[in-house]
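In: one predicted model, sequence on top.
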Amino acid sequence: MPFVTDKQTLDDLNILGKFRNNSAFSLFNQTRTSGGERLLEQLFQHPLTDDAAINERSAILAYFEHQAPPFIIDGKDLEATENYLSSAAGGTAVASAGQALRRKALHAMGLKEEQELLEAGLQASIRTLKATDRYVSILLKEDPQGPFSGPLREAAKILSQPRLRQLLSSPSGQKAGFFKASGQDHLLRSVMRDEMETILKLIYTLDVYTAVSTVSRDRRFSYAKAHPADANILHIEEGFHPGIPKAVANNVDLDADHNVIFLTGANMAGKSTFMKTFGTNLYLAHMGFPVPAKSMEFSVKEGIYTSINVPDDISQGYSHFYAEVLRVKKVAEEVSSGKNLVVIFDELFKGTNVKDAYDATLAVTAAFAEHDNCLYIISTHIVEVGEALGQTADNIQFRYMPTVMDGQRPTYTYRVQEGISSDRHGMMIIENEGILDIILG
């Protein structure tokens, strides 16, 4: 079953995007190969929904972080290998021999480029295979039953075939004669083409695992423990936002009996960052990737939806409020379908008047809270909604981001606390900035 989400959520949480500033993808994209980058992108686009598969990937990444030496491959050699293996080759020995003779004839006439390119690609491929063979041998020798031993043994089986062993045992830098090189070319590009594809896929996987584990080690991330869906728990200890230097860490605890966090606090107090931190941790955890937290345990969910930066839609004639309504409707349909989801709403219905926003936020929050198979974080500036919910709902946790006054200047701890905010400092900030003085001149 695929993990469900949508572009709005991915944009809100800044998950994808090679060139997006501080995206989760760009954070982990320390890959050294184009194939590794493509594989990393595929992993980001397809989070997992099976707890065993998530824990297996986490164990492999933890192994590369704590035990395995880094996999280092010459990028130019690998690029040459990819180009060489992807170029056309004779499917049969006779066809390969015919192509070789044609290249030899061209070489004799002074047209050397094609033959030289082939020889360079062949030598690069041999060097790449030798580097992979050394690394696979080291890992299997150090930990023959390690969490990644299956793919390593498959590669070792390929690399141990007599025809390849003869090729790998040739002295480095020594060019083979024309006919011997032609035979080696036929072996790699025709006879063992599928096996070479398997080796390339292994190289890309090693590249990704080395990159991700290195980021985790450098940033002191941890690996979340996944539980089956029916446990319906989520615990994050000291989770922080990976895109913020020296980010303040916070804890989150949710379960079926306490499945809603109703979050209040002043502007700039950190509500949106708190929610984005939560959503990013959850997304990465479902990938089996390291998470920016001291520790994390969670029951697998079927997807995540957010409503943090909902734009209006001029082309459709939608106001900001109507765009919010349509967003809530979409999420409501998904929740009502029975899916086990995580939902994040930042300041529901801020595009309408205070009275309607109060009534709508109260009604919608209470209705969503009834679906206790889902987990929610819902924020608002309208603290009176929290006071009303506290009188009727026992599964809602009330949390707020505090403001600490330094004279007439508000400061923020960014540490979530239990309760409902009583902070109202908007007018003070306006006065501190001298806006009225500017207008009245």
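Out: Cool, the structure landed.

In: what's the domain layout of the chain?
Out: 12-219, 222-440 (automatic domain parsing).

In: okay, those domains in JSON lines with mean pLDDT next?
Out: Listed next are the domains of the chain as JSON lines, based on pLDDT from 0 to 100:
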{"stretch": "domain 12-219", "mean pLDDT": "85"}
{"stretch": "domain 222-440", "mean pLDDT": "89"}
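
In: these: which one's closest to D6?
Out: D6 sits nearest to domain 222-440 of all those, at 6.9 Å, using Cβ to Cβ. To be clear about C-beta, it is placed using only N, CA and C from the backbone, and glycine gets the same treatment.

In: who touches the residue lying closest to Y305 once chain neighbours are set aside in this structure?
Out: Residue nearest to Y305 in three dimensions, not counting chain neighbours: V331, with 4.8 Å by Cβ to Cβ, 6 or more residues apart in numbering. With contact set as Cβ atoms under 8 Å, 6 or more residues apart in numbering, V331 has these partners: Y305, S307, L341, V343, F345.

In: the one helix or strand the last one maps to pairs with which strands?
Out: What it means is F345. Taking DSSP states H and E as the criterion, F345 maps to strand 341-346. Here strand 341-346 is paired, per DSSP bridges, with strand 303-307 (parallel), strand 375-379 (parallel).

In: next SSE after the first one?
Out: Note on strand 303-307: by DSSP H and E, the next helix or strand toward the C-terminus is helix 320-336.

In: got it, and the last one?
Out: Scanning forward in sequence from strand 375-379 by DSSP H and E, the next helix or strand is helix 383-389.

In: what's in contact with that next one?
Out: 262, 264, 358, 361-362, 365-366, 380, 396, 398, 420-422.

In: I'd assumed R32 was in a helix, is it?
Out: No. R32 is assigned coil when assessed by DSSP: H, G, I helix; E, B strand; the rest coil, not a helix.

In: quick one: it from G419, how far?
Out: To G419, R32 is 49 Å away according to Cβ to Cβ, to the nearest Å.

In: looking at these two, which is more packed in?
Out: The residue with more neighbours, out of R32 and G419, is R32; 16 against 12, by other Cβ atoms under 10 Å.

In: phi, psi for P147 please.
Out: Here is the backbone geometry of P147 (degrees, to the nearest 10): phi -60, psi -20.

In: isn't it up against L61?
Out: No. Contact criterion Cβ atoms under 8 Å: P147 and L61 do not qualify, at 9.0 Å.

In: please, where are all the strands along the stretch 151-300 of the chain?
Out: 222-223, 225-227, 233-239, 250-255, 260-265, 290-291, 295-299 (DSSP state E, counting those that start in this stretch).

In: tell me which of those strands sits nearest to E41.
Out: Closest among the strands of the stretch 151-300 of the chain, using Cβ to Cβ: strand 290-291, at 17.6 Å.

In: find out how far the strand holding F345 is from the centre of the chain, if you would.
Out: 18 Å (Cα atoms, centre = their mean, to the nearest Å).

In: what is the neighbour count of the closest residue to S336 other than its chain neighbours?
Out: Spatial nearest neighbour of S336, excluding adjacent residues (Cβ to Cβ, 6+ apart): H371 at 7.6 Å. Burial measure for H371: 19 neighbouring residues, criterion other Cβ under 10 Å.

In: is it correct that H371 is in contact with S337?
Out: No. Using Cβ under 8 Å, H371 is not in contact with S337; the gap is 10.3 Å.

In: give me the contacts around stretch 356-373.
Out: Outside stretch 356-373, the residues touching it (Cβ under 8 Å, 6+ apart) are 232, 256-257, 259-260, 262, 328, 332, 335-336, 338, 340, 343, 348-350, 352, 374, 376, 378, 380, 382, 384-385, 388-389, 392-393, 395-396.

In: can you select the buried ones among these for me in PyMOL?
Out: Those of these that count as buried under 16 or more other Cβ atoms under 10 Å are selected in PyMOL with:
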select buried, resi 232+259+260+262+328+335+340+343+348+349+350+352+374+376+378+380+382+385+389+396
